[in-house]
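Trainee: Give me a 3D structure for the following:
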Amino acid sequence: MSHIRFHEDIGLNSRRFRCNGLDHFWGDSVDARWHTAGNGSAAVVDGVDGGIVRLTSGATSGNSHTLSWQDIRSLTAAKNATAEYRIALGQTSNIDARIGLLYDATHYIYFRFDDSADDTWQAVSDMGAGASAVNTAVAPSTDYLILRIEASSTQIGFYVNGVWKATIGVTIPTEHLQPYASVATEEDADKTLDVDYVYWRQDR
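Mentor: Reported below is the predicted structural model:
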């Protein structure tokens, strides 16, 4: 079984207490504290990179599958929430993938690749009054990417493989958020999203 690990530490520079969590998706099943939902499936594949969770959309156009904490929302921009994912798309055509932090359909912070609308990953944030989207200029591929979001009450930084790609200073959601990943298909064929790990942190 994959296992969510929590711990606390103190930032030596800021002297602030921080809460941390990590899941590497080792084992043969997803930790029960994760919630998966949709038309397809979510399964741990332990023979790949030490363990991944693979989201499969379902094979009918419009099908999707998600990974989240469901109704457990405990991360906020006001407490400097950070989320990092190592992910790989299974395909780059007719796919919609979203990875980041979410409250609901109109309050979120995430990376989005929607093949029907864009040819690159977009950095997107919405506080309920319309989304802000910034082009990261990162083209989709089936290689692994490390996607990182660093949020505060004044701005959100988006990083790909450790390199800054976008900043959003408006439409920052004030709601409590949760880790979130989804994959949808835009044709009658399965699409997949592999998540190698999820890491999150915020100040107490």
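
Trainee: who does the top strand by length along the chain pair up with?
Mentor: Determined from DSSP state E, the single longest strand within the chain is strand 192-203. In the sheet, strand 192-203 lines up against strand 17-23 (antiparallel), strand 52-56 (antiparallel), strand 82-89 (antiparallel) (DSSP bridges).

Trainee: buried ones in the helix or strand just after the first one?
Mentor: Using DSSP states H and E, the helix or strand that follows strand 17-23 in sequence is strand 35-38. In terms of neighbour count (16 or more other C-beta atoms under 10 Å), strand 35-38 has its buried residues at 36, 38. C-betas here are computed from N, CA, C, even on glycine.

Trainee: Whichever helix or strand comes after strand 35-38 pairs with which strands, and in what direction?
Mentor: Moving toward the C-terminus from strand 35-38, the next helix or strand (DSSP H and E) is strand 41-45. Strand pairing for strand 41-45, using DSSP bridges, gives strand 52-56 (antiparallel).

Trainee: List of residues touching the partner strand?
Mentor: For strand 52-56, contacts defined as C-beta atoms under 8 Å, 6 or more residues apart in numbering pick out 2, 25, 30, 34, 36, 40-45, 65-67, 90, 181-183, 190-196.

Trainee: Give the buried subset of the residues you listed as a PyMOL selection command.
Mentor: Applying 16+ other C-beta under 10 Å to the contacts of strand 52-56, the buried members can be selected in PyMOL as follows:
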select buried, resi 2+25+30+34+36+40+42+43+44+65+66+67+90+181+182+183+190+191+192+193+194+195+196
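
Trainee: Tell me which helix or strand in the chain has the weakest average pLDDT.
Mentor: One helix or strand of the chain scores below all others by mean pLDDT, DSSP states H and E: strand 5-10, with a mean of 46.

Trainee: Can you give me the end-to-end span of stretch 100-114?
Mentor: With C-alpha to C-alpha, to the nearest Å as the measure, stretch 100-114 spans 15 Å from end to end.

Trainee: now that stretch: mean pLDDT?
Mentor: The average pLDDT within stretch 100-114 is 97.

Trainee: How about stretch 51-69?
Mentor: For stretch 51-69, mean pLDDT is 96.

Trainee: likewise stretch 82-89?
Mentor: Here stretch 82-89 scores 98 as its mean pLDDT.

Trainee: Start the count at 41 instead of 1 going forward.
Mentor: Right, with 41 as the first residue, what we last looked at is stretch 122-129.

Trainee: Could you check how far that stretch is from the centre of its chain?
Mentor: 6 Å (C-alpha atoms, centre = their mean, to the nearest Å).
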